[in-house]
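In: With the sequence up front, the predicted model follows.
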Amino acid sequence: MSEFEGMTSIQPELWVEGASAAVAFYQTAFDAVVIHRVGHGDDIVAQLAVGTAQFWVTEANSSMQRLSPRAIGGTTGRTLLVVDDPDAVLDQTVSAGATEIAPVGEEHGWRMGRIVDPFGHEWEIGRSLGVWPPQENGPIQWQ
């Protein structure tokens, strides 16, 4: 039995310009809790948690080809944050400095909205309106 059995998760690392400010934003916008942080100023690596969801924040570094959305003039992905009350969380993120790009509404069996944080990362904030994943073909059989 592997030491990692039962621990599978995906924890994205966000590369930003202004890592300390980014940590402060996520604490305010998502009520994130810093569970691990090393370094000083913007030269940090921080692990944050929003409920049971975890992600990392560190300073972008072009010499290591770790580019921020600002550096490339866009983003290469979007992060989905699943919460009980997407309306309240989206409003909280906008109050903290995010830009709303789609208001909370219903689509594809979800209630969700979209924001871009002040560091250029795009987020969907939502919750499923029913059983997820859909059970159209019967329950998923994990191997």
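Out: Happy to help now that I have it. None of the values given here were measured: they were computed from a predicted structure. Numbers count the residues shown, from 1 in each chain.
In: quick one: contacts for the residue most central in space within the chain?
Out: Closest to where the C-alpha atoms of the chain average out (Cα atoms, centre = their mean) is residue 79, at 4.8 Å. Taking Cβ atoms under 8 Å, 6 or more residues apart in numbering, we find residue 79 in contact with 12, 55, 121-124. For glycine as for every other residue, the C-beta is placed from the backbone atoms N, C-alpha and C.
In: The same query, at a cut-off of 10 Å, please.
Out: 12, 14, 53, 55, 117, 121-125 (Cβ atoms under 10 Å, 6 or more residues apart in numbering).
In: Equivalent analysis for residue 12, please.
Out: 53-57, 77, 79, 121.
In: Check the residues you listed against residue 85 and report the nearest one.
Out: residue 53 (15.0 Å; Cβ to Cβ).
In: neighbours of that closest one, just the number please.
Out: Number of residues near residue 53 (other Cβ atoms under 10 Å) recorded here: 18.
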